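J.: sequence and predicted structure are below.
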Amino acid sequence: MSGFGNVLIAGTGPAAVQLAILFGKEPGSAVAIAGRDSVRAAPFFCAMLQSGNRVRADVQNAQHQALAGECVLERVFLGYETVEGEWETLILAVAANAYIEVLRCMPDEVLSQVRRVVLLSPTFGSNHLVCHYIAGIQPEAEVISFSTYLGDTRWAQGEPCERVLTTGMKRKLYVGSSSPVRSSAVNQLCRLYGSAGIVMQVLPAALEAETRNISLYVHPPLFMNEFSLDIILGEGVARKFVYKMFPEGPITQKLIREMLSGWREITAIMEKLGIPGVNLLQFMTDDNYPVRQESLSREDIEQFMELEPIHQQYLLYVRYTSLLIDPFSEPDEDGRYFDFSAVPFRQIYRDREGCWDVPRMPKEDYYRVKIIQGIAQYVEVECPVIDRFIARYEQALMQAANRLQGQPLSDAFAVQDVAEDVRRICNGLGDRLQGSLSGSS
């Protein structure tokens, strides 16, 4: 029998379907999916009616075959407020800024029976945020944070349907829990993900696992600079690429300098909270995309934390230039390697409701960095570069909203007030901050 019990997945994106397949392989677990009753989610719910709640996941690479398969969902709930029944495991497969909204929509009688909440792709502080909210309904619920989602999953046919395609899988993930001792649920998750070929590392605290997401460190500088924002939110029509050097992309000496400074500011926040810092270069190469040792030596990677800032900047620049092509791909007959860095910027677009919307990157990164700014203020760490990212983004956002005045706009064009989420998070950080200060006295 599975230790997860009945599993409810909140969210109707490709990741939710892939998780349904993964957890559906557990004996004794019924799996359900719930989502918003919205124009955007309507095609998925229509597909569920036509398929009889049968979902399927295919994989692009044979070595990821453990993620492939199909299952019939026990239930599909149109609207979070319609959820009913007993669900021991709740998986939040939605954006981190939607966690509280989703939980608030669900009936308290459902949440009161939940034994664990799994955060699929949280941001820094999400575990404390969810713990604070759910404590008033189910104080014994364990909240588990992954560092990030397990790979790259998309709709098999380009539009929401019953089939997804997983094109990539993480080699390693980190996980942490609100439980002070390692729980059986964490062990079960390690076993389940391990059966798919993913190495799991359990960290002492959920907050520490949430810092092992590369997006925290690289997305703000890559997306919240003048060059990128002019492409994403402006009127520029030229095709530009996220990971290329200027003028094909945003990467310049200044961007690398801000990336390093932003990482240092987050590291200072972590130190205040008693959390070990992340070796940024090692995390990039060992946990994300490797480069050849001819480009970056093992010694430079492992000693990155102790080097002078100008040396660190140089190594980060080398890392990005080394990934302009996939260094491990096979060259074609003309000697050309796969153009790895040719990831185009997405621009603002009209959603299914006819409103102008902002792409997921940087919309979700905006929430992440606003939360970090609020935590920094709470622990009294000055973060001028993080402040600069936010100021740039909000200015570009307001300019775009003014340019589109009179046309329907999504909430993404509003300056976000995350004060309530920051308050919930910092309420949970109080003991950790106090403990960190006591340990250093």
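T.: Here it is on my side, so go on. Quick caveat, the model's predicted, so the values are computed rather than measured.
J.: which stretches in the stretch 51-200 of the chain count as helices?
T.: With DSSP state H, counting those that start in this stretch as the criterion, the stretch 51-200 of the chain has helices at 99-105, 108-111, 126-134, 184-195.
J.: of all those helices, which one comes closest to Phe413?
T.: The stretch from the helices of the stretch 51-200 of the chain with the least distance to Phe413 (Cβ to Cβ) is helix 99-105; that distance is 18.0 Å. C-beta: built from backbone N, CA, C; applies to glycine.
J.: domain map for the protein?
T.: 7-210, 215-440 (automatic domain parsing).
J.: TSV for the helices of the stretch 51-200 of the chain, including distance to Phe227, mean pLDDT and mean neighbour count?
T.: As requested, these are exported to TSV (distance: least, Cβ to Cβ, whole Å; pLDDT from 0 to 100; neighbours: other Cβ atoms under 10 Å):
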stretch	distance to Phe227	mean pLDDT	mean neighbour count
helix 99-105	32	98	17
helix 108-111	44	98	16
helix 126-134	30	97	23
helix 184-195	37	96	16
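J.: in a markdown table: these, plus distance to Leu296.
T.: What follows is these, written out as a markdown table (distance: least, Cβ to Cβ, whole Å):
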| stretch | distance to Leu296 |
| --- | --- |
| helix 99-105 | 37 |
| helix 108-111 | 47 |
| helix 126-134 | 32 |
| helix 184-195 | 28 |
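J.: between those helices, which gets nearest to Ile310?
T.: Shortest distance between Ile310 and the helices of the stretch 51-200 of the chain, using Cβ to Cβ, is found for helix 126-134: 34.4 Å.
J.: who touches the closest one?
T.: The set of residues external to helix 126-134 that reach it, using Cβ atoms under 8 Å, 6 or more residues apart in numbering, is 92, 96, 99-100, 103-104, 111, 114, 117, 119, 141, 143-145, 176, 178, 206-207, 210, 421, 424-429.
J.: now swap in stretch 174-183 and tell me
T.: Around stretch 174-183, the neighbours that count as contacts under Cβ under 8 Å, 6+ apart are 116, 127, 131, 142-147, 185-186, 189-190, 200-210, 212.
J.: average pLDDT across it?
T.: Per-residue pLDDT values over stretch 174-183 give a mean of 93.
J.: so what's the residue count around Glu271?
T.: By other Cβ atoms under 10 Å, the residues close to Glu271 number 15.
J.: over to the one 3 residues further on?
T.: Under the neighbour criterion other Cβ under 10 Å, Gly274 is assigned a count of 18.
J.: so which of the contacts of stretch 174-183 are in strands?
T.: 116, 142-146, 200-202 (DSSP state E).
J.: got the residues you listed as TSV, with distance to Arg171 and pLDDT columns?
T.: Rendered in TSV, the data for these read as follows (distance: Cβ to Cβ, whole Å; pLDDT from 0 to 100):
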residue	distance to Arg171	pLDDT
Arg116	25	98
Glu142	26	98
Val143	25	98
Ile144	20	98
Ser145	19	98
Phe146	14	98
Met200	11	97
Gln201	11	97
Val202	16	97
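J.: can you select the buried ones among those for me in PyMOL?
T.: Filtering the ones in strands among the contacts of stretch 174-183 down to the buried ones (16 or more other Cβ atoms under 10 Å) takes a single PyMOL command:
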select buried, resi 116+142+143+144+145+146+200
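J.: quick revisit: can you tell me which of the domains of the chain is packed in deepest?
T.: Each of those was given a mean neighbour count from mean count of other Cβ atoms under 10 Å, and the largest, a mean of 19, is that of domain 7-210.
J.: Arg403 contacts Ile348, doesn't it?
T.: No: the pair Arg403 and Ile348 does not pass the contact test of Cβ atoms under 8 Å, sitting 10.0 Å apart.
J.: shared neighbours of the two, anything?
T.: Contact with both Arg403 and Ile348 is made by no residue, according to Cβ under 8 Å, 6+ apart.
J.: ok, the residue most central in space within the chain to Leu150 distance?
T.: For the chain, Ser121 is the residue whose C-alpha lies nearest the centre (Cα atoms, centre = their mean; 4.1 Å). Distance, Ser121 to Leu150, using Cβ to Cβ, to the nearest Å: 10 Å.
J.: the spatially closest residue to Gly354 that is not a sequence neighbour: what's it in contact with?
T.: Computed as Cβ to Cβ, 6 or more residues apart in numbering, the closest residue to Gly354 that is not its neighbour in sequence is Pro408, at 5.8 Å. Taking Cβ under 8 Å, 6+ apart as the contact definition, Pro408 lies against 353-356.
J.: show me the shaky parts of the chain.
T.: Confidence mapping of the chain against pLDDT under 70 gives the ranges 1-2, 431-441.
J.: show me where it has strands.
T.: Under DSSP E, the chain gives strands at 7-10, 31-35, 54-59, 69-72, 75-78, 89-92, 116-119, 142-146, 151-155, 163-169, 172-177, 199-202, 349-350, 356-357.
J.: the fifth one - contacts with which helices or strands?
T.: In terms of contact count using 3 or more Cβ pairs under 8 Å, 6 or more residues apart in numbering; DSSP states H and E, strand 75-78 is assigned the packing partners strand 31-35, helix 42-51.
J.: which one of those lies closest to Arg264?
T.: Of all these, strand 31-35 sits nearest to Arg264, with 39.2 Å by Cβ to Cβ.
J.: what pairs with the closest one, and is each one parallel or antiparallel?
T.: The partner list of strand 31-35 in its sheet, established with DSSP bridges, is strand 7-10 (parallel), strand 75-78 (parallel).
J.: quick one: which of these is nearest Glu159?
T.: Glu159 lies closest to strand 75-78 among the strands paired with strand 31-35, at 17.7 Å (Cβ to Cβ).
J.: which residues are contacting that closest one?
T.: When contacts are defined by Cβ under 8 Å, 6+ apart, strand 75-78 is touched by residues 30, 32-35, 37, 45, 48, 53, 83-85.
J.: quick one: the residues you listed as CSV, columns for distance to Pro160 too.
T.: CSV is the format used below for the contacts of strand 75-78 (distance: Cβ to Cβ, whole Å):
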residue, distance to Pro160
Ala30, 23
Ala32, 17
Ile33, 12
Ala34, 15
Gly35, 10
Asp37, 14
Phe45, 9
Met48, 10
Asn53, 15
Val83, 20
Glu84, 24
Gly85, 24
